[in-house]
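In: I'd like to go over a predicted model; first the sequence, then the structure.
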Amino acid sequence: MKTLVSDQLVLARPRTVDRHEHTRFPVRFNCVMQAVCLSVGLMLLSACGDDNADANDPTARATGAEQTQSAPASGGVDIAAAETPEEVGKAVADLYISALETLNQTLADHPSADAAVPLLREIHDQHVDGLVTLGRRIKNMTSDQEAIVAAAVSKAQSGLQYDEQLKPIYTAYQALNKHYIQTGAMSNSETFRSLFNGFNIITQYAFFDVLKKQEPEEAKRLGIE
């Protein structure tokens, strides 16, 4: 189990920023953005390795499901209306929370890894579409404006641990992670593990400089240059 968590942390770790790259934004800001996208992965993965989390706790699973039953597949986020840095930041944060909520709901009954993979891929792609749309707006912002967006994302990430309304999402995610570790799905299915863990850092799809550095093939697939 310790080895698995360690492998996950390596997966979430961003690559080093080259000082001579990204002339549009300062290197310092790119480092800040990488830290923001990494922080949620480290926060969730370290806590998901906690043996005190009860994978069979029906209350934890039900909480995540109840909060997402009324949410549309898109997460109910009005992407088209998001124009200012504050609005775009809120939309990115809302999509991130929606992705985790929908994952919790989808896996609440503990489907097998093979059954879960196409479901997780659909949820992932639905939310990535919105994040990339917002990312194209972020791309045209100044570094100060982009920092406002990043702050909103960071606030949502912190809220998963400390906000009473968001903590149940975090608890349900922990329980699911522990269940799939205990049943061997995380170690036996690379595809499932990659998809599940990918929700930790899904916000990187809104920050193209980070995505190109961490997932160059994904950036290429999405036509991000």
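Out: Nice, thanks for sending it over. Residues are numbered from 1 along each chain as shown.
In: got any ranges where the protein has weak pLDDT?
Out: 1-76 (pLDDT under 70).
In: just the helices in it please.
Out: 2-12, 27-48, 58-66, 85-106, 113-138, 143-162, 167-182, 185-188, 190-198, 208-214, 216-221 (DSSP state H).
In: and the last one, what other elements does it pack with?
Out: Read that as helix 216-221. Contact analysis of helix 216-221 by 3 or more C-beta pairs under 8 Å, 6 or more residues apart in numbering; DSSP states H and E lists helix 208-214 as its packing neighbours. Every C-beta, even on glycine, is put in place using the N, C-alpha and C of the backbone.
In: on contacts alone, who are the packing partners of the helix it packs on?
Out: helix 27-48, helix 113-138, helix 216-221.
In: need the helices of the chain in TSV with distance to residue 77, can you?
Out: Formatted as TSV, the helices of the chain follow (distance: least, C-beta to C-beta, whole Å):
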stretch	distance to residue 77
helix 2-12	24
helix 27-48	18
helix 58-66	18
helix 85-106	5
helix 113-138	6
helix 143-162	12
helix 167-182	15
helix 185-188	29
helix 190-198	19
helix 208-214	19
helix 216-221	21
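In: Mean neighbour count and distance to residue 79 added to these, as CSV?
Out: Output for these, formatted as CSV (neighbours: other C-beta atoms under 10 Å; distance: least, C-beta to C-beta, whole Å):
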stretch, mean neighbour count, distance to residue 79
helix 2-12, 14, 26
helix 27-48, 19, 19
helix 58-66, 18, 23
helix 85-106, 23, 6
helix 113-138, 18, 5
helix 143-162, 18, 13
helix 167-182, 22, 21
helix 185-188, 18, 32
helix 190-198, 18, 20
helix 208-214, 22, 16
helix 216-221, 12, 20
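In: out of these, nearest to residue 78?
Out: helix 85-106 (7.4 Å; C-beta to C-beta).
In: Taking their axis directions, that closest one and helix 143-162 sit at what angle?
Out: 30 degrees (axes from the mean of the first three to the mean of the last three C-alpha atoms, to 10 degrees).
In: What would helix 85-106 look like as PDB? C-alpha coordinates only.
Out: Extracted as PDB, the C-alpha positions of helix 85-106 are listed here (Å, rounded to 0.1, in the frame of the first residue of the first chain):
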ATOM      1  CA  PRO A  85     -11.000  36.400 -14.000                       C
ATOM      2  CA  GLU A  86     -13.200  36.000 -10.900                       C
ATOM      3  CA  GLU A  87     -16.000  34.400 -12.900                       C
ATOM      4  CA  VAL A  88     -13.600  32.100 -14.800                       C
ATOM      5  CA  GLY A  89     -11.900  31.100 -11.600                       C
ATOM      6  CA  LYS A  90     -15.200  30.200 -10.000                       C
ATOM      7  CA  ALA A  91     -16.200  28.200 -13.000                       C
ATOM      8  CA  VAL A  92     -12.900  26.200 -13.000                       C
ATOM      9  CA  ALA A  93     -13.300  25.500  -9.300                       C
ATOM     10  CA  ASP A  94     -16.900  24.500  -9.700                       C
ATOM     11  CA  LEU A  95     -16.000  22.100 -12.500                       C
ATOM     12  CA  TYR A  96     -13.300  20.600 -10.300                       C
ATOM     13  CA  ILE A  97     -15.700  20.000  -7.400                       C
ATOM     14  CA  SER A  98     -18.400  18.700  -9.800                       C
ATOM     15  CA  ALA A  99     -15.900  16.200 -11.300                       C
ATOM     16  CA  LEU A 100     -15.200  14.800  -7.800                       C
ATOM     17  CA  GLU A 101     -18.900  14.800  -6.800                       C
ATOM     18  CA  THR A 102     -19.900  12.900 -10.000                       C
ATOM     19  CA  LEU A 103     -17.000  10.400  -9.500                       C
ATOM     20  CA  ASN A 104     -18.300   9.700  -6.000                       C
ATOM     21  CA  GLN A 105     -21.800   9.200  -7.200                       C
ATOM     22  CA  THR A 106     -20.800   6.900 -10.100                       C
END
